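*Asks:* what's the 3D shape of this:
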Amino acid sequence: MLKKVKYFIIIVLMAALSCFGQNAKNPIIWSDVPDASMVRVGDTYYMTSTTMHLSPGVPIMKSKNLVNWELVNYAYDRLAESANINLNNGQDAYGKGSWASSIKYKDGTFYILTFSYTTGRSHIYITKDIENGPYSAHVLSPLAHDADLLMDDDGRNYLIFGHDNIEIKELNAEATDYKPGGLNQVIINKASSVAGSNFILTAEGTQVFKINGYYYVMNICWPQNNGRTVTIHRSRNLTGPYEGRVALSDQGVAQGGLISTPEGKWYAYLFKDNGAVGRIPYLVPITWENDWPVFGIDGKVPTNLDIPLNGTDLKGIIASDDFNVINHKNNGLKLEWQWNHNPVADGWSLTARPGYLRLINQRLDQNFLATQNTLTQRSIGPESVGSIAIDVSNMKDGDVAGLGALQFEYGYVAVKMTGNTKSIVMVHAKNSEPTEIASVPLEQNEVHLRIRMDFVNQKDEANFYYSLDGNSWQSIGNTLRMTYKLEHFMGYRFALFNYATKNTGGYVDFDHYIINDYPFDVVEPPKPHAVPGKIEAEAYFAMEGVQTEADADGNINMGWINSGDWAHYQIEVAEASHYQVVFKVASNVDGDNSIVLKNGANEQIGSLKVDNSQTAGWHDWYLDSTIVFLEAGSQLLKLEFVGSDDYLFNIDWLELRKTQQVPTNLEKSKITRSFAAVYDRHSSEIKLQLPAGMFKYSICDVQGKLISSGTIEASHNKQRKSIKVNENYHGLRFLSVYNAGKLLYNVKIPIK
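*Replies:* Numbering: from 1, shown residues only. Here you go, the predicted model:
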C-alpha cells in the first residue's frame with residue numbers, strides 16, 4: 001500500500017509570495033487566468049475567467065484585497081452534451097468550449113455571461129448565492145463575441161460586444177434572452193482606429209462600465225509593430241457618440257476592466273500573454289484626470305503594488321490533494337480540479353477505494369489527447385513541480401497511465417503495460433504526434449511520477465522524473481520545450497490520466513497529487529551496461545534484499561544474498577546472439593543454490609547452479625558460466641537467487657561474452673514430444689510441428705553466429721508452422737525453440 005503523505009495546502013504564488021507586511025507584486029497570479037471579469041459586492045471581489053474546453057467551466061474566485069484569490073465555484077458543470085465537448089467520435093473542443101465571461105451583480109442577484117463557438121450560442125447563468133448556487137442556465141442565440149453585460153441604472157439590460165465595430169443588443173428585464181424589438185445597433189465604428197491603421201488584431205474583449213455619468217467601453221487591439229494595447233472610449237449617452245484614446249501600451253499587458261475598492265481606489269485588471277504558463281493577470285493602478293482613467297505610473301505597468309499581501313487566509317487556485325476529503329461541490333473533487341472536456345461518470349471514483357482517485361478505462365483510445373477523464377490543474381510560475389503516487393496493479397495490456405504536461409505539444413511520464421510487463425515511459429509530442437523517448441522496466445505496482453516546469457524568463461521547459469520509493473528521484477527522457485499553441489489556447493496544465501489501447505476495464509488508483517513539492521534531489525538514470533562486457537555485481541538498476549560489502553582486498557562485491565532476493569541490470573546488447581554469462585562467485589555453504597537468469601518479460605533464459613566444491617569461503621572466488629540467447633538492443637537482465645541456506649553466495653562481477661556455442665544442457669519438458677522440425681527443399685521452408693503456445697526461435701550456424709530469430713504462435717497442439725529460408729541459410733544449422741524463456745528444443749538441420 002502506498003504511504004499516505006502529509007502536506008500543507010499550497011497557496012497560489014502571487015509573483016513574489018511572501019511574509020506578512022510585504023506588498024503584492026505583478027503579476028498578481030503567475031498562472032493561466034485570462035479574460036478576467038470582476039465585480040465588487042461590499043468588501044468582497046468576485047472574478048470569473050476562461051478555461052475553454054475544461055469541465056466544470058467559468059471558474060469563480062473571490063478575494064478581499066484583489067491579489068489573494070480563492071476558488072469558490074463554477075458557473076456550470078457541463079457546458080453542453082455533444083460529440084466534441086464529450087471527446088467522442090474522434091471530435092474534440094480543444095481551444096473552444098467557453099470563452100470570455102462577464103460577471104455582474106444587481107439587486108441581490110449575480111449574472112454570469114459567457115459564449116461558445118462549440119455550441120454557437122451565448123450562455124447566461126443566474127444565482128442569488130454565487131458560492132453555493134443553484135444556478136439557472138439560459139441560452140442566447142446567436143452568440144455575441146466577447147460580450148459584456150451592462151445592467152444599467154434605469155433597469156434595462158444589454159450586451160455590448162463585437163470585433164472592431166462594437167455593438168449593443170438589449171436583453172429582457174430578467175436578462176435571460178434578447179428583448180424582441182429591443183435596442184440593437186453599432187455604437188462604435190472601428191474602435192481600433194484610435195491606436196493606428198494596421199493591426200494584427202482589431203478591437204475585441206469588450207468591457208463596459210458606467211462611472212459618474214459616463215459609459216466607458218474598454219477593448220484590446222494589437223497594432224502592427226507594437227504590443228497588445230488597451231483602448232478606451234467614453235460617452236454620456238449609451239449609443240454615442242463616443243470619443244476614444246489609447247489607455248495603455250506596455251509589455252503587452254491588456255484586456256480587462258476597471259474595479260474600485262471600498263476606500264475609493266481604482267485599478268485596472270488586465271492580463272499578459274506569458275508563454276507556456278498561459279495568460280497571467282496584472283493589476284494596474286488608476287488615477288482620474290478630467291473623467292478619463294489614467295493607467296499605470298508614467299504610462300507603465302508597475303511591478304510593485306500598494307496592496308498588502310495577506311498570506312494566511314487563502315486557498316488559492318492550485319492545491320495538493322490526498323483524495324481523502326469529499327467536497328460538496330465539483331462532484332466531490334476539490335475545486336482546483338477540472339476535467340479535460342466532459343467527464344464520464346462511470347470512469348472515475350473517489351469512493352471505490354477511499355482515499356484514492358480511481359480512473360477506469362471505459363473505451364479504447366490511441367493517445368493522451370483523445371482520452372476521456374483526464375483530470376487537470378493549472379501550472380504556476382516561476383516554477384511548478386507536480387508529483388503523483390499511483391498504484392498500477394490493475395492495469396491491462398495496452399494501458400498507459402501517469403502524469404502529463406497538457407497542451408497541443410504535450411509530454412508525459414507514465415506507466416505502460418505491454419502484455420504482463422510494465423515499464424515507465426516518457427513521451428514527447430511534437431505537433432501533437434507522440435514519440436516514446438525513453439522506457440525503463442518497472443517491477444513493482446506502486447510508483448511516483450513527477451514533472452518540473454520552469455517558466456523563469458519564459459524558459460518554458462519541462463523535465464520528467466520517477467521514483468520507486470518517493471524519496472530518490474531519477475530523470476527520464478528529454479526536456480520538453482513547452483510552447484503555447486492556439487490549438488489549445490491554454491497554458492500548460494498538470495494532468496492525471498489513464499487510457500486503454502487494447503482492453504477496457506483496467507484501472508489505476510492515484511494516492512496523492514502534490515504541487516510545488518521542491519527542492520528535490522535527482523539521480524540521473526544509470527547508463528545501460530554494454531554487452532558484450534563486464535558488469536560489477538553492485539552496479540544493478542534495481543534490487544531487493546542484497547547488500548554490498550568489501551572483501552579482503554577492499555573491493556566491493558554483492559553479498560548477504562538470501563533465497564528470493566534479486567538484482568536487475570539494464571543492458572545494451574550490440575548483436576542478437578548467444579552469450580556466455582560468466583560469474584565470479586564465492587560461497588561457504590553446501591546447499592543447493594542457484595542463479596536464475598530472466599529477460600525483461602520475466603521469461604527464464606538460463607540458470608547456473610553454484611558448484612560448492614569449487615569454493616570454501618565467502619571470498620574464495622571461482623568462475624562459472626551459463627549460456628543464454630539475447631536479442632539486440634536495450635533490455636533488462638534479471639538475476640533471481642534461489643537456495644536452501646540462510647545465505648547463499650557472493651557475486652563479485654558477471655561478464656557477458658559472445659559465444660559460438662549453443663546450450664547443450666536442454667531442460668526436457670513433457671511437451672517436447674510434440675516438437676518436430678525438418679527442412680523441405682522444395683518449398684525452401686523449415687517445417688515445424690508445435691504444441692499450443694507462443695514460441696521464440698533462433699537459427700545459428702555451427703560457430704554459433706545468429707542467422708535469424710523470430711516468434712511463432714501455435715493455437716493448438718501439433719499445429720504445423722513454417723519458417724521461410726533463402727540462400728543465406730544454406731549449410732548445417734542449429735534450430736533452437738524457446739517457450740517462457742526455457743530452451744525446449746534444439747536440433748541440427750542441414751539446409752541445401
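*Asks:* Return the distance of residue 608 relative to residue 594.
*Replies:* 6 Å (Cβ to Cβ, to the nearest Å). C-beta: built from backbone N, CA, C; applies to glycine.
*Asks:* Quick check on these two: which one has the bigger neighbour count.
*Replies:* The neighbour comparison of residue 608 against residue 594 (other Cβ atoms under 10 Å) goes to residue 608, with 20 against 17.
*Asks:* Is the more buried one in contact with residue 593, as I believe?
*Replies:* No: using Cβ atoms under 8 Å, residue 608 makes no contact with residue 593, being 9.9 Å away.
*Asks:* avg pLDDT for stretch 329-337?
*Replies:* Average pLDDT, stretch 329-337: 90.
*Asks:* can you pull the buried residues of that stretch?
*Replies:* By 16 or more other Cβ atoms under 10 Å, the buried positions in stretch 329-337 come out as 329, 330, 332, 333, 334, 335, 336, 337.
*Asks:* Equivalent analysis for stretch 597-617, please.
*Replies:* Judged by neighbour count using 16+ other Cβ under 10 Å, the buried positions of stretch 597-617 are 597-608, 610, 612, 615.
*Asks:* Could you do stretch 228-247 as well?
*Replies:* 228-235, 238, 240, 242, 244, 246-247.
*Asks:* Can you tell me which of the buried residues of stretch 597-617 end up in strands?
*Replies:* With DSSP state E as the criterion, strands contain 597, 598, 604, 605, 606, 607, 608 from among the buried residues of stretch 597-617.
*Asks:* any idea which of those is closest to residue 195?
*Replies:* residue 598 (69.8 Å; Cβ to Cβ).
*Asks:* name the element the closest residue to the closest one other than its chain neighbours belongs to?
*Replies:* Once flanking residues are discounted, residue 598 sits nearest to residue 638: 4.1 Å by Cβ to Cβ, 6 or more residues apart in numbering. Per DSSP states H and E: residue 638 is located in strand 633-642.
*Asks:* export that strand as PDB, just CAs?
*Replies:* Below are the C-alpha coordinates for strand 633-642, written out as PDB (Å, rounded to 0.1, in the frame of the first residue of the first chain):
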ATOM      1  CA  GLY A 633      19.000  -3.600 -28.100                       C
ATOM      2  CA  SER A 634      18.300  -2.100 -24.700                       C
ATOM      3  CA  GLN A 635      16.700  -4.600 -22.300                       C
ATOM      4  CA  LEU A 636      16.600  -5.900 -18.700                       C
ATOM      5  CA  LEU A 637      18.700  -8.800 -17.400                       C
ATOM      6  CA  LYS A 638      17.200 -10.200 -14.200                       C
ATOM      7  CA  LEU A 639      19.100 -12.300 -11.700                       C
ATOM      8  CA  GLU A 640      17.000 -14.200  -9.200                       C
ATOM      9  CA  PHE A 641      18.700 -16.100  -6.300                       C
ATOM     10  CA  VAL A 642      17.300 -19.500  -5.200                       C
END
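*Asks:* ok, how many other residues are close to the spatially closest residue to residue 262 that is not a sequence neighbour?
*Replies:* Nearest non-adjacent residue to residue 262, counting by Cβ to Cβ, 6+ apart: residue 43, 5.3 Å away. Residue 43 has 10 neighbours, counted by other Cβ under 10 Å.
*Asks:* so residue 43 touches residue 65, yeah?
*Replies:* No: contact between residue 43 and residue 65 fails when scored by Cβ under 8 Å: they sit 9.4 Å apart.
*Asks:* Sketch out the low-pLDDT regions of the stretch 451-600 of the chain for me.
*Replies:* Judged by pLDDT under 70, the stretch 451-600 of the chain has its weakly predicted residues at 517-526, 552.
*Asks:* Tell me the bridge partners for the residue lying closest to residue 620 once chain neighbours are set aside.
*Replies:* Computed as Cβ to Cβ, 6+ apart, the closest residue to residue 620 that is not its neighbour in sequence is residue 586, at 5.2 Å. Per DSSP bridges, the residues bridged to residue 586 are residue 650.
*Asks:* go on, the one 10 residues further on?
*Replies:* On DSSP bridges, the residues paired with residue 596 through beta bridges are residue 607, residue 640.
*Asks:* Quick check, it in contact with residue 604.
*Replies:* Yes: using Cβ under 8 Å, residue 596 makes contact with residue 604 at a distance of 6.1 Å.
*Asks:* which other helices and strands contact the helix or strand containing residue 162?
*Replies:* Per DSSP H and E: residue 162 is located in strand 157-163. The contact analysis (3 or more Cβ pairs under 8 Å, 6 or more residues apart in numbering; DSSP states H and E) places strand 157-163 against strand 148-151, strand 165-171, strand 199-211.
*Asks:* Residues in a beta bridge with the residue positioned nearest the centre of the chain, which ones?
*Replies:* With distances taken as Cα atoms, centre = their mean, the residue of the chain nearest its centroid is residue 404 (0.7 Å). For residue 404, the beta-bridge partners are residue 412, residue 495 (DSSP bridges).
*Asks:* so what's it up against?
*Replies:* 368, 374, 410, 411, 412, 414, 451, 494, 495, 496, 497 (Cβ atoms under 8 Å, 6 or more residues apart in numbering).
*Asks:* can you pull the contacts of the nearest residue to residue 595 once chain neighbours are set aside?
*Replies:* Excluding the flanking residues, the one nearest residue 595 by Cβ to Cβ, 6+ apart is residue 608, at 4.6 Å. Contacts here follow Cβ under 8 Å, 6+ apart; on that basis residue 608 touches 581, 583, 594, 595, 597, 624, 625, 626.
*Asks:* any weak-confidence spans in the stretch 251-400 of the chain?
*Replies:* Segments of the stretch 251-400 of the chain classed as low confidence (criterion: pLDDT under 70) are 311-315.
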